Structure formats: structure tokens, C-alpha cells
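[1] here is a sequence together with a model predicted from it:
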Amino acid sequence: MSKKIQLLLGLAFAANLAFAAEPKIAVTDLTYEEKVSEYFRVVSASSKSSVRASGSERETDYGYSARGRYSAKNESNYYSAEGTYTWIDRGELRTYTADLKGQMLKGGGVRLVQARPYSGKPTEKIYDIIGRIKQGYYPGADYVLFGTVSNIAFRQETMNLGGSYTAVLSLDLVADFSLINTKTYEVKAAFSASGAGQDTKILTSAGDRVVHNRGKVIQETSKSLAEAAYGEMMVQFGVPRTGRRTSSSTTTIIQQGGSQEPVQKQEPVTVYK
């Protein structure tokens, strides 16, 4: 065997060892909590009435007598109430993690593990990531990247440019992330990341009808959030990037139970739900 072949085999073996040593990370969907208020007004009215009447007559050889009785009763009720009903809405956003997973696969340095989606009721337990780890939501993962939405807001703005107008639909999203060890529950990284996207239309008059591309805005926001989150995670985690970016290479995804299944890398696809 030539020295060149031995060198190539040695490099391939070292690369396989390095790949096997990469930490396996599961990514949760973004958890959110929102206070929702709704105005209400209730009006109730009812009326009840009753009439009773009775009479009797008596006639004898000695005289005549008549007697009668009448009674009436009426009841009316009116009730009115108004105010604001407030409750807490919790859940998960599944739109903004596909690009983050794709960024982890392209950038390298870590291996991606498929996580089970949260299936419990949307109560405060949705934030109990330790409880979810203990329940086996992330089999085979060394770490879990848990993200929560701290701010998300769409904005629509119209600006006059001297004869024409621009209508802008933008989205800003800020999420807080924690990277948690599934064995010791130690937090290995904690950071905030933001994403933004916008769609701009040029109008000839202020009254023109505008149809914005919301899908484009969400996609841009998701991609920029993914780049920011991945970069901050790798800096804090202290793992070098390997830069697996060739379209012909294969990426191994760890399935439940620890089995490895190589799949051909393709262009990232974003699914909107």
C-alpha cells in the first residue's frame, strides 16, 4: 500500500473519529407565552307577570250577593356587565427552527438529533425542559437547545417619497436560548438571538391596494435568526466549526435509539404551518 493511500486512509479515519466525537444536539421548537385580553359586554333582561281573578254569586229567596277578587303581579329584571377578560396563551412556534437545524448541519461542529415534539397541555409545564428531558423527549442527545420567544412583532409602515409611496411589512423576532446538558442538566450556553425580515412595495398613490409577501418576510426572519443563534452557540460552546457545505456530501442524522442513517444533503426547505 502506497504512502499516499495510507495518508488518505489515516485522514479519513481521523475525520470519522472527529465526527463521532461531535456533540449531539436536539433543538426544541420555540416556546412562547402571550397575555391575551378580550373585551366583553353582557346584557340580560327578563319580565314575568301573573294575573289571578275569582268571583262568586249567590241568590236566594231573601236576597242576592256577589263577591269578586282580582290580583296582578309583575316582575322585571335587568342585568348588565362589561369589562376585559384576560388569559395566558402558551404554545410552540414550529416555523422558525427548520433554518436553525439547517444552519447546524451546514456549519458543522455538532450533530443534529431528532427531538420528539411537546405533546402536553399548554400550561406552565411547557417551560419545564428538565422534566421533558427526564420523560425521554430527546433520546440520544447530549445537549438540548431550548428556545423561548421574548418578543415577536409585525409592523406595517407607509412612507411618502415625494410622488410615490413605499409600503413596508416587517417582522422582528427575539428569542432566548439555553443549551442544556441532558446528563447533568448544566447550562453550557445561554444567549439571545434576533431575526428580522421585510417586504417592500412601491406605490404610485397612497390609496393603492397592497398585498405583502408574508412568506418571504417569515423566511428572511427565520434565516437571520438561525445564523445569529448558531454563531452565538458555537462561540459560547467552544466547539470549532467544520464547515460541511458541499452539496454532494452526506450528513448523518441520529435517529431515536442511537442508530445512524446517512442522508443526502439537499437545499434547505422551509415549511410554513
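    Ah, there it is.

[2] show me what the helix or strand encompassing residue 132 is packed against.
    Here residue 132 is covered by helix 129-134, with elements defined by DSSP states H and E. Counting contacts by 3 or more CB pairs under 8 Å, 6 or more residues apart in numbering; DSSP states H and E, helix 129-134 is packed against strand 143-160, strand 165-181. C-beta here means a position set from N, CA and C on the backbone, and glycine is covered the same way.

[3] so which residues of this structure form strands?
    24-27, 30-60, 63-93, 111-113, 143-160, 165-181, 187-203, 250-254, 260-264 (DSSP state E).

[4] what would those look like in a markdown table with mean neighbour count and mean pLDDT?
    Shown next, in a markdown table, are these (neighbours: other CB atoms under 10 Å; pLDDT from 0 to 100):
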| stretch | mean neighbour count | mean pLDDT |
| --- | --- | --- |
| strand 24-27 | 22 | 93 |
| strand 30-60 | 10 | 72 |
| strand 63-93 | 10 | 71 |
| strand 111-113 | 22 | 91 |
| strand 143-160 | 16 | 89 |
| strand 165-181 | 19 | 91 |
| strand 187-203 | 16 | 91 |
| strand 250-254 | 16 | 37 |
| strand 260-264 | 10 | 41 |
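
[5] same list, those, but as JSON lines with distance to residue 102 please.
    Output for the strands of the chain, formatted as JSON lines (distance: least, CB to CB, whole Å):
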{"stretch": "strand 24-27", "distance to residue 102": "11"}
{"stretch": "strand 30-60", "distance to residue 102": "15"}
{"stretch": "strand 63-93", "distance to residue 102": "17"}
{"stretch": "strand 111-113", "distance to residue 102": "9"}
{"stretch": "strand 143-160", "distance to residue 102": "14"}
{"stretch": "strand 165-181", "distance to residue 102": "16"}
{"stretch": "strand 187-203", "distance to residue 102": "14"}
{"stretch": "strand 250-254", "distance to residue 102": "10"}
{"stretch": "strand 260-264", "distance to residue 102": "13"}
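
[6] closest one to residue 234 among the ones you listed?
    strand 187-203 (8.8 Å; CB to CB).

[7] and this structure, what are its domains?
    Listed by automatic domain parsing, the domain ranges of the chain are 21-37+91-264, 39-82.

[8] circling back: so which of the helices and strands packed on helix 129-134 gets nearest residue 189?
    It's strand 165-181; of the helices and strands packed on helix 129-134, that one is closest to residue 189 (CB to CB) at 3.9 Å.

[9] what strands line up against the closest one, and which way round?
    strand 143-160 (antiparallel), strand 187-203 (antiparallel) (DSSP bridges).

[10] pull it out as PDB, backbone CA atoms only.
    What follows is strand 165-181, C-alpha atoms only, in PDB (Å, rounded to 0.1, in the frame of the first residue of the first chain):
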ATOM      1  CA  TYR A 165     -45.100  55.700  -1.600                       C
ATOM      2  CA  THR A 166     -43.400  52.700  -0.100                       C
ATOM      3  CA  ALA A 167     -45.400  50.200   1.900                       C
ATOM      4  CA  VAL A 168     -43.200  48.000   4.200                       C
ATOM      5  CA  LEU A 169     -44.200  44.900   6.100                       C
ATOM      6  CA  SER A 170     -41.500  43.900   8.600                       C
ATOM      7  CA  LEU A 171     -41.100  41.200  11.300                       C
ATOM      8  CA  ASP A 172     -38.800  41.300  14.300                       C
ATOM      9  CA  LEU A 173     -38.200  38.200  16.400                       C
ATOM     10  CA  VAL A 174     -36.100  37.900  19.500                       C
ATOM     11  CA  ALA A 175     -35.600  34.500  21.200                       C
ATOM     12  CA  ASP A 176     -33.700  33.400  24.300                       C
ATOM     13  CA  PHE A 177     -31.800  30.100  24.100                       C
ATOM     14  CA  SER A 178     -30.300  27.800  26.600                       C
ATOM     15  CA  LEU A 179     -28.000  24.800  25.800                       C
ATOM     16  CA  ILE A 180     -28.600  22.200  28.500                       C
ATOM     17  CA  ASN A 181     -26.600  19.000  29.200                       C
END
